[in-house]
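Trainee: predicted model and sequence below, questions to follow.
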Amino acid sequence: MKLIIPLAFPCLILMLWTVACGGTQEAKAYSNRGETYRKRGQYERAIQDFDETIRLDPQFALAYYLRGVANQALGNDSAADRDFKKASDLGYAP
């Protein structure tokens, strides 16, 4: 029970924020959650959120880069290379 409460509250806040926001702010919310998943080693979930970020805002260069990092961690090197190239094409430089 101790683990559920600390994780549930931030997720609830993020969900409420996401519903209230539109467009680019919604994309940022998904990107932020994806980055949290990535940092926790939950790469598949991170990729799902970065996919949604990109669907909402196809010019969100950081989302391509972070999805590339998650893909690389999973050994999906060709997908990672495509994401890194797209991020670079959009002007992102780590």
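Mentor: Yep, it's here.
Trainee: could you give the mean pLDDT of stretch 75-91?
Mentor: Mean pLDDT, stretch 75-91: 98.
Trainee: and it, how far from the chain's centre?
Mentor: 14 Å (Cα atoms, centre = their mean, to the nearest Å).
Trainee: could you pull out the helices for this structure?
Mentor: 4-20, 23-39, 43-56, 61-73, 77-89 (DSSP state H).
Trainee: let's have those in TSV, adding mean neighbour count.
Mentor: Glycine gets a C-beta too; all of them are placed from N, C-alpha and C. What follows is the helices of the chain, written out as TSV (neighbours: other Cβ atoms under 10 Å):
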stretch	mean neighbour count
helix 4-20	11
helix 23-39	18
helix 43-56	20
helix 61-73	22
helix 77-89	16
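Trainee: worst mean pLDDT among those?
Mentor: Looking at the helices of the chain, the weakest mean confidence is helix 4-20, a mean of 51.
Trainee: what about A93, how many neighbours?
Mentor: Here the count is done by other Cβ atoms under 10 Å, and A93 has 7 residues near it.
Trainee: distance of it relative to L62?
Mentor: Going from A93 to L62 by Cβ to Cβ, to the nearest Å gives 11 Å.
Trainee: next: D83.
Mentor: Distance from D83 to L62, counting by Cβ to Cβ: 11 Å.
Trainee: for D49, same thing?
Mentor: Separation of D49 from L62 (Cβ to Cβ): 12 Å.
Trainee: now do the shared contacts for those two.
Mentor: Common neighbours of D49 and L62, counting by Cβ atoms under 8 Å, 6 or more residues apart in numbering, are S31.
Trainee: contacts for stretch 45-57?
Mentor: 23-24, 26-28, 30-31, 33-35, 37-38, 60, 63-64, 66-67, 70-71, 74.
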